[in-house]
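heads up, no residue letters with this:
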């Protein structure tokens, strides 16, 4: 037991050193006189030193996503930040689920007492049928158990089905505080939730304040695919905000914009007016060729850095199904390929952090 505890203390020390590197530019900017350095100058190099590892829904390559077990394993493997996607319950509590429709990630469909809760709804323009968090109280959700969302690719994770409950955002913040890591929450479908009287902003900021996270130097990033949600948050908090961007399409709340236009130098300059960084689909940083190999890096990272935006692309996964052609280990989509070399290519392109389901590999890619 003592050897294990000493190992954990060593890991925590290394993680704290990395976090100090992350926050050093912000601390320096805060301490210097206002006339000596502008915020844009302080953000010109968003990170100092190593890129950060963001555990995408926890160590979701090895445990069912958005469970305390997945987050705990991610921390043990060396993650700098753990990432919860946040949706709301009927009684206004933030919980971690990939979507508010929960039939893919819980055993709700096997619960006869909830059979009449099955509904068809339109979420961000898409019709969905299933069970939705906003139709359950927290107490009811706590009776459910998580299951693997990608059973076809992650059969071994199915061994944990039925073991873990749905965590609240507060549960996750308590874990992060106890273990000395950051949190990287995403507001899921904020416009939709606001339309049904369950806006994200108030409970999100209240919970972060409860844990002392109110300043730009806090170990927190708030992310969203929507634009107006982030702009509203900018007026209410100093915590760093990240504009998520897909390779195609538009923000759910801004059909007049396209992610392609937002990814241009001019588009990134506009984002810098309300956000501190961007979370792009990997293809915006290094697109793939027609054959499926990694192509040449675009100017995205340089353009983002020029206007003071950090760049945290998503999502790095080790299964062949997700990898570029040259990194695949074979034709079995479940096979484990060379995600390490993919990560290194993006790190060489100058990114400031990465989202990964496979934390151990991500930590290895940065440390070597």
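Sure, I can see it. Quick caveat, the model's predicted, so the values are computed rather than measured. Residues are numbered from 1 along each chain as shown.

now do the strands in the stretch 151-300 of the chain.
182-183, 186-187, 221-224, 240-245, 277-280 (DSSP state E, counting those that start in this stretch).

nearest to residue 88, of those?
Nearest of these to residue 88, taken as CB to CB: strand 186-187 at 9.9 Å. From N, CA and C alone the C-beta is placed, and that goes for glycine too.

quick one: that closest one to chain centroid distance?
8 Å (CA atoms, centre = their mean, to the nearest Å).

quick revisit: and the strands of the stretch 151-300 of the chain as JSON lines, adding mean neighbour count, mean pLDDT and distance to residue 313?
Compiled in JSON lines, these are given as follows (neighbours: other CB atoms under 10 Å; pLDDT from 0 to 100; distance: least, CB to CB, whole Å):
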{"stretch": "strand 182-183", "mean neighbour count": "22", "mean pLDDT": "98", "distance to residue 313": "18"}
{"stretch": "strand 186-187", "mean neighbour count": "24", "mean pLDDT": "98", "distance to residue 313": "15"}
{"stretch": "strand 221-224", "mean neighbour count": "26", "mean pLDDT": "98", "distance to residue 313": "12"}
{"stretch": "strand 240-245", "mean neighbour count": "23", "mean pLDDT": "98", "distance to residue 313": "9"}
{"stretch": "strand 277-280", "mean neighbour count": "27", "mean pLDDT": "98", "distance to residue 313": "5"}
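
tabulate those strands in TSV, adding columns for distance to residue 137.
Below are the strands of the stretch 151-300 of the chain laid out as TSV (distance: least, CB to CB, whole Å):
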stretch	distance to residue 137
strand 182-183	24
strand 186-187	21
strand 221-224	25
strand 240-245	29
strand 277-280	31
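
mind checking which of those strands is nearest residue 341?
Here strand 277-280 is closest among the strands of the stretch 151-300 of the chain (CB to CB), at 19.9 Å.

show me what contacts the residue at minimal distance from the centre of the chain?
Residue closest to the average C-alpha location in the chain (CA atoms, centre = their mean): residue 83, at 4.3 Å. Taking CB atoms under 8 Å, 6 or more residues apart in numbering, we find residue 83 in contact with 54-58, 183-186, 355.

what about 6 Å?
54, 56, 184 (CB atoms under 6 Å, 6 or more residues apart in numbering).

next, the contact list for the closest residue to it other than its chain neighbours, please.
Excluding its sequence neighbours, the residue lying closest to residue 83 (CB to CB, 6 or more residues apart in numbering) is residue 184, at 4.4 Å. Neighbour list for residue 184: 54, 81, 83, 221 [criterion: CB under 6 Å, 6+ apart].

want to throw these into TSV with secondary structure?
Below are these laid out as TSV (DSSP: H, G, I helix; E, B strand; the rest coil):
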residue	secondary structure
54	strand
81	strand
83	strand
221	strand
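
cheers, nothing more for now.
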